[in-house]
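In: Dropping the sequence and predicted coords here.
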Amino acid sequence: MDYSKEIENKKNHEKGKTDTHIPTQSQKNGNTPNILTQSQNYGNALNILQRLQKKGYKAFFAGGCVRDMLMGIESRDFDIVTNAPMETIPDLFQATGLKPVGKTFPVFIIHGVEVASCRTTNQSMPFPECDLKQRDLTINSMAIDPIQDALIDPFDGQRDLVRKIIRFTDDPEQRITEDPIRMVRACRFVSAFQGTLDRETLQIIQTHGASIMEPAIFSRIGREIMKAMAHKKPSIFFRALHQTGLLAMIFPSLERCAGLDGGPYHGETVMEHCLLTGDALMPRSHILRLAGYLHDAGKYDAAKIKDGKLTFAGHENMTHAVIHDLEQLKFSKRDIRHIDSLIKTHMRPLKAGTTPRAVRRILAFLKANQVTWQEFMRMRIADKSANLAKAPYTLNDIKIRVSKIHREIYNSPKNAFTLKDLAITGHDIMEILSMPQGKGVGKVMNHLFEMVLENPRLNSHGTLKEYLLKNWNNNEHSKSIRDSFGDHQINGDIG
């Protein structure tokens, strides 16, 4: 049967009646779900399921793939649960050397499909209900036999899916005890479905939230955060974390901004502004998006009253709290550096009246921090749109700013945005000025770089060489460099 149509029928039924009854057992009409036939992995999964059943075992699709089928979403991953003992599975598929993976719930990976034996030996419940009982959320605790066209839903997961209710399966305290990361997952699914936490689920998380602080658990939270970045509105994830009390443990740098006034130039709190900024960034740019949610967290440290007004001068440089949180969450050094750079560069002003020289300096600053101009512009646009006291950029505003950047990058071949873009090298400088290798060379290059930023037409080997030969000894800046390193650096006396 087409299960996606089935859940749509349930939605319509929900609108018509407040007291609904949704069947949880076999519903048959002999049709394979249309959504399944579109999946590349479905063929492999179905063959595995059929082989298990032909050998006399029960086997079902279970978990997330069932949830996706009911929603009409093409599932990339198929999980099969069977009552076949784990030790018999390799023989059934004539797979030599096949080993289970996973510590909590071991599974076999067969042609890209996860196959697992029942999670419990509890005889008080039939199979697969005994396995489904051990799963995290009701919406993930359903099973389907596409051959027999049977939907197994002992915990009303389909009804919760219709109502967008996120609820722990069976005994919520036991589910958390089994794996505390499930509390963060619950918040992530609230975001994924733009739903709400069941009241009992919310209360149990508020009671047991501190258990995520165990090192083995806390190190896994980063993966849940990055998965949430792909959602339409991850701000719902952060709001759920805040509601449950988990945000204070995961991102205290952001949690502390919840009641912080945005100042006279904003119409929202600092935390609200951060959440709106992140939502305005593209889902495919996970690190950029996360930086958006954290970009103004430094305002808490920078907050001062000046002339009777709340100010946050230099907040973009106060990233230590954010960095500490990311390190605790075991983000990679590379990602932490990038988030740090995205935050530190987001305040550089780029306006309709910004001069070409100022644009070049912005681009040089971005290069130095390894931030692309596209990332910079996306952050600026999102940041502006998240200010409820001001109008967002118009399309024309954006075009003007992008054209200024394009003009300096693509229409001015002599422009230099890093030392490597100079038409002269450190080795050239050493030869021209008879200067030994050392810090003095870098000082000279920085001086030339500043010159070229001011006037890109100077960026040719001949022009820069001529400048050094004619003006270096007479230039006041050059003299200060000479004085700071001593004449021996310039004249080549290493001793």
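Out: Arrived safely, thanks for sending. Numbering: from 1, shown residues only.
In: where do the strands sit along the chain?
Out: 59-62, 79-82, 108-110, 113-117, 143-145, 150-152, 165-166, 196-197, 304-306, 309-311 (DSSP state E).
In: so of those strands, which one's packed in deepest?
Out: strand 59-62 (a mean of 26; mean count of other CB atoms under 10 Å). C-betas here are computed from N, CA, C, even on glycine.
In: Which residues does that one contact?
Out: Contacts with strand 59-62, where a contact means CB atoms under 8 Å, 6 or more residues apart in numbering, come from 45, 48-49, 52-53, 69, 78-84, 128, 131-132, 135, 142-146, 152.
In: Verify the stated contact: Phe417 with Lys367.
Out: Yes: look at Phe417 against Lys367 with CB atoms under 8 Å: they come within range, at 4.5 Å.
In: coming back round to it: export the strands of the chain as CSV, with columns for mean pLDDT.
Out: As requested, the strands of the chain are exported to CSV (pLDDT from 0 to 100):
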stretch, mean pLDDT
strand 59-62, 96
strand 79-82, 94
strand 108-110, 88
strand 113-117, 90
strand 143-145, 95
strand 150-152, 95
strand 165-166, 98
strand 196-197, 98
strand 304-306, 95
strand 309-311, 94
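In: Same list, those, but as a markdown table with distance to Lys351 please.
Out: A markdown table is the format used below for the strands of the chain (distance: least, CB to CB, whole Å):
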| stretch | distance to Lys351 |
| --- | --- |
| strand 59-62 | 56 |
| strand 79-82 | 53 |
| strand 108-110 | 54 |
| strand 113-117 | 53 |
| strand 143-145 | 57 |
| strand 150-152 | 58 |
| strand 165-166 | 44 |
| strand 196-197 | 42 |
| strand 304-306 | 23 |
| strand 309-311 | 20 |
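In: Figure out which of the ones you listed is closest to His320.
Out: Set against His320 and scored by CB to CB, the strands of the chain come closest in strand 304-306, at 17.2 Å.
In: That closest one: partners in the sheet, and parallel or antiparallel?
Out: According to DSSP bridges, the neighbouring strands of strand 304-306, each with its direction, are strand 309-311 (antiparallel).
In: count of residues packed around the nearest residue to Arg357 once chain neighbours are set aside?
Out: Ranked by CB to CB, 6 or more residues apart in numbering and with sequence neighbours excluded, the top spatial neighbour of Arg357 is Glu454, at 6.2 Å. As a burial measure, Glu454 scores 11 neighbours (other CB atoms under 10 Å).
In: try the one 3 residues further on
Out: Each residue near Arg457 was counted by other CB under 10 Å, and the total is 10.
In: Repeat that for Gln53.
Out: When neighbours are defined as other CB under 10 Å, Gln53 has 17 of them.
In: so what's it up against?
Out: Under the criterion of CB under 8 Å, 6+ apart, the contact list for Gln53 reads Ala59, Ile147.
In: repeat for Thr82
Out: Leu52, Tyr57, Lys58, Ala59, Phe60, Ile89, Val115, Ala116, Ser117, Cys118.
In: who does the closest residue to the first one other than its chain neighbours bridge with?
Out: Using CB to CB, 6+ apart and skipping residues adjacent in sequence, the residue nearest Leu52 is Ala59, 3.8 Å away. When bridges are called by DSSP bridges, Ala59 pairs up with Thr82.
In: What's the separation between Ala59 and Val113?
Out: Distance, Ala59 to Val113, using CB to CB, to the nearest Å: 11 Å.
In: anything in contact with each of those two?
Out: Any residue near both Ala59 and Val113 by CB under 8 Å, 6+ apart counts here, and that gives Ile48, Ile80.
In: quick one on the thing from earlier: okay, among the contacts of Thr82, which ones form the most distant pair?
Out: Across those, the longest distance by CB to CB is 14.9 Å; it joins Phe60 and Ile89.
In: what's around the residue nearest to Leu329 when sequence neighbours are not counted, how many residues?
Out: Taking CB to CB, 6+ apart, and ignoring the residues beside it in sequence, Leu329 has Gly222 as its nearest neighbour in space, at 4.5 Å. Other residues near Gly222 number 18, with proximity taken as other CB under 10 Å.
In: how about stretch 376-392 as CSV, C-alpha atoms only?
Out: This file holds the C-alpha atoms of stretch 376-392, laid out as CSV (Å, rounded to 0.1, in the frame of the first residue of the first chain):
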residue,chain,number,x,y,z
PHE,A,376,31.2,37.1,4.4
MET,A,377,28.3,38.4,2.3
ARG,A,378,26.0,35.6,3.3
MET,A,379,26.7,36.3,7.0
ARG,A,380,26.2,40.1,6.4
ILE,A,381,22.9,39.5,4.7
ALA,A,382,21.6,37.1,7.3
ASP,A,383,22.8,39.4,10.1
LYS,A,384,20.9,42.3,8.6
SER,A,385,17.7,40.4,8.1
ALA,A,386,17.8,39.3,11.7
ASN,A,387,17.7,42.9,13.0
LEU,A,388,14.0,43.5,13.7
ALA,A,389,14.6,47.2,14.1
LYS,A,390,15.9,47.7,10.6
ALA,A,391,15.0,46.8,7.1
PRO,A,392,16.9,43.9,5.5
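In: Averaged pLDDT, that stretch. What do you get?
Out: Stretch 376-392 carries an average pLDDT of 97.
In: quick one: stretch 248-268 to chain centroid distance?
Out: In this view, stretch 248-268 has its centroid 20 Å away from the chain centroid, taken as CA atoms, centre = their mean, to the nearest Å.
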